[in-house]
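Asks: next come a sequence and a model predicted from it.
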Amino acid sequence: MTYSKLTAVSALSLAAAGFGASAHAEDLTLCWAAWDPANALVELSKEFEEQSGHTMNFEFIPWPNFADRMLNELNSGGNLCDLLIGDSQWIGGGAENGHYVKLNDFFDAEGISMGDFADATVYAYSTWPKGSENYYALPAMGDANGWFYRKDWFEREDIRAAFKEETGRELGEPQTQKELLEIAQFFQEREIDGQTVYGAAIFTERGSEGITMGVTGALYPWGFKYENTPGSYDMEGAVNSPEAVEALEFYKEFYETATPPGYTNSYMGESLDAFKSGQVAMAMNWFAFFPGLYADPNTGGDKIDFFVNPPQNQAGSTLGGQGISVVAYSDKQDAALEYIKWFAQPDVQQKWWDLGGYSAHKAVLESPEFVDSAPFAGDFLEAMNDVQDFWQEPAYAELLLAMQKRVHDYVVADQGTAKEALDKLIEDWTETFEDEGKL
Amino acid sequence: MTQAPITRAAEATPLPVARKIRGLSDRAIAWIFVGPTIFLLLAINIFPLIWTINLSFTNFRANRPNREVEYVGLRNYERILTDTDIWLNMQATAHFLFWTILLQVLIGFTLAYLINKKFKGNDLWTTIIVLPMMLSPAVVGNFWKFLYQPQIGLFNYIVAFFTGKDPSSFEMLGQVNLAPWSIVIVDTWMWTPFVMLICLAGLRSIPDYIYEAAEIDRASKWRQFWTITVPMVMPFLMLAVLFRGIENFKMFDLVVQLTGGGPGSTTELTSINLKREAFEKWRTGYASAYAIILFVTVFGLASIYVKALNKVKER
């Protein structure tokens, strides 16, 4: 081969390697839940479209149907989604059932280091088996369950005086779970500006994951553990420990004495509605909603402030958030990987945070400006240090539904005792793990 | 002379086709017509049923296609029939079925009886009454959810108006003792018009001369009602009960919208529980056994009922 021919072939190969994807523009579909951060991602992805030449389409499913819809899609081997920002608990099933592409080789080839992302998010959103170095997702959206409250009410002299008279202490952000309940009970059915208000909006939803995500907000600070020894599936004495029983009783008391009437089947949307309509003094919800809450013209700005889920015996917050995965059934995997490569860049991650997404990249989280960049940024960092997640097993849906039933039966339907509910939960989970061949 | 239609059809048949079917017997031609329907029936109904029965003896999970499937004998059936939670679901379903059918029959028949009387605006009232059954169950579930809302719901305010209670002192969808009644009320509101229409058809099918003969015999209105109206409407009423019974046994959408099966599992009807087992927990083998048990129950009860219905018709 002559020198000129060799040069020409080399140039063509390089062009094909370097710009192959751009030369062959794809229509990519990214699937996620329909919520505030999804809109931010649409905005962010415009930059990717400009750079790559690919077109991004989005399939956003409302939260109550998100798991059902997406898991059915994956289980049927559907190729609706090229990229999926799936819940953290799906990682086990995604990996073991072959729904997600394993990303280790891609990360190595592209120089993407998991060490650049917050450890808790890598552990929760990316790895399977847990703690291994098998990566099936890139941390996309850090999240945890936190709290927000009516700062304007907390600062009013008449309310502060009434609180001090009733409890003997100053009204402020609660430092423990019990203080949280005390404050909520103080506000319950209180007249403020001629309107009856209530203590707090908590999660009680039965159908999907609501009450489990709410009740773990109490269980984790009390020291709840899923197993005595991680990986042993030995649950007796852990799941139904005296601390767990106390935490569950606490949540029931919270539900009965400090929430609005009719609050029997409520999750994210109901919590936001209750707060924005001025019905409650405090509410629990995912950090993902906090930018929108802060921007709300009626109850945001100076009227709102945020705090991390208060500790009790220890610090603990319920983990939310998701990683972004490439769907194994997609026939556009190369373009999808290109998106992940682009998304992993520190400057893109910074824009992601600026637009209202929660980056898990250390370059963003550890930047000196981060804590002051939003009123909830410091709380977010604090929460992410102490997050715990639900089972991430392939049978997670079965485990979750069992907990939904047992907890809702006890907390909302007032059936049996907390100990009985947790004992039954162990029976259900044991049956599931036996079916799975893990016990 | 005008040719008979059959002759015209024979002449219109293209020669090649005519040659092909010339030698076919009547039975063969009948099979040609019936064959596609039987094929569809086998493919859509019978094969899935047999396949479901087969799956019910396995530990198959549709979300784990690669996992080895084991035959577990009657274990799935044993688990279901000894599970106290499933019996509670059955109880909830029985409560829902009994009360919805009873109320719908009583109110539906009464409305039909009243509408059957000729009065001004009769047609308008009929239209207004049947409106609820024209709505989507999802829409009905959603707006009744608002009506039941303890703070702003109209239902609570109406009850409060008559009882003097505080509207927010009770939660139709959130209290264990009220939630089963809340779904009964909504289903009754929605489907009573259906029962009414069937009863109305029955009432209008009774010839006037029977009542005239009764009048001549000086039978009282009360006696006419019990000896003419009720027996002659009974087959129609029983048909309405059959339809509503089957429909409500598999009730899903309305209740999911209203309560999601809660509070706790108070309104978790068998169909909701079955859906959770099959498509959320993905215990396909177990859910198949569950579906077969429900199928046998409905099929068995419906068969007994249809026999009773035929006996009533024969009278």
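Replies: Everything's here; your move. Numbers count the residues shown, from 1 in each chain, chains lettered A, B, ... in the order given.
Asks: so what's the residue lying closest to B:Arg64 once chain neighbours are set aside up against?
Replies: Distance criterion C-beta to C-beta, 6 or more residues apart in numbering or on different chains; nearest residue to B:Arg64, sequence neighbours excluded, is A:Asn97 at 6.2 Å. (C-beta placed from N, C-alpha, C; glycine too.) Neighbouring residues of A:Asn97 by C-beta atoms under 8 Å, 6 or more residues apart in numbering or on different chains: A:74-75, A:394, B:63-64, B:66.
Asks: retrieve the pLDDT associated with A:Asn97.
Replies: Predicted confidence (pLDDT) at A:Asn97: the value is 88.
Asks: again, but for the one 4 residues further on
Replies: Reading off the confidence values, A:Val101 has pLDDT 96.
Asks: how close does the residue nearest to B:Arg64 sit to B:Pro65?
Replies: 8 Å (C-beta to C-beta, to the nearest Å).
Asks: of the contacts of A:Asn97, closest to B:Leu269?
Replies: B:Asn63 (24.0 Å; C-beta to C-beta).
Asks: assumed that closest one was part of a helix.
Replies: No: under DSSP: H, G, I helix; E, B strand; the rest coil, B:Asn63 sits outside any helix and is assigned coil.
Asks: pick out the most distant pair among the contacts of A:Asn97.
Replies: A:Leu74 and B:Asn66 (13.4 Å).
Asks: more neighbours: which of these two?
Replies: Neighbours per residue (other C-beta atoms under 10 Å in any protein chain shown) separate A:Leu74 from B:Asn66, with A:Leu74 holding more: 26 against 7.
Asks: now for the closest residue to chain B within the stretch 1-150 of chain A: which residues touch it?
Replies: Of all residues in the stretch 1-150 of chain A, A:Asn75 sits closest to chain B, at 4.2 Å by C-beta to the nearest C-beta. Counting by C-beta under 8 Å, 6+ apart, A:Asn75 touches A:97, A:99, B:62-63, B:282.
Asks: give me that answer again for 7 Å
Replies: B:62-63 (C-beta atoms under 7 Å, 6 or more residues apart in numbering or on different chains).
Asks: strands of the stretch 151-300 of chain A, start to end?
Replies: Counting by DSSP state E, counting those that start in this stretch, the stretch 151-300 of chain A has these strands, from start to end: A:190-192, A:195-201, A:280-286.
Asks: adjacent strands (with direction) for the first one?
Replies: Based on DSSP bridges, the strands next to strand A:190-192 in the sheet, each with its direction, are strand A:195-201 (antiparallel).
Asks: chain center to the partner strand: distance?
Replies: How far strand A:195-201 lies from its chain's middle: 26 Å, per C-alpha atoms, centre = their mean, to the nearest Å.
Asks: can you check stretch B:243-261 too?
Replies: Using C-alpha atoms, centre = their mean, the offset of stretch B:243-261 from its chain centre is 9 Å.
Asks: name the residue of the stretch 201-350 of chain A that lies nearest to chain B.
Replies: A:Thr264 (3.1 Å).
Asks: how much space is there between that residue and A:Thr212?
Replies: For A:Thr264, the distance to A:Thr212 - C-beta to C-beta - is 15 Å.
Asks: from the centroid of the chain, which residue is nearest?
Replies: In the absence of a named chain, this looks at chain A. With distances taken as C-alpha atoms, centre = their mean, A:Gly320 lies nearest the centre of chain A, 1.5 Å away.
Asks: please refer instead to chain B.
Replies: Among the residues of chain B, the one closest to the centroid is B:Glu247, at 1.7 Å (C-alpha atoms, centre = their mean).
Asks: which residue, neighbours along the chain excluded, lies closest to that residue?
Replies: B:Trp191 (7.7 Å).
Asks: residues in contact with that neighbour?
Replies: Applying C-beta under 7 Å, 6+ apart, the residues contacting B:Trp191 are B:104, B:133, B:244.
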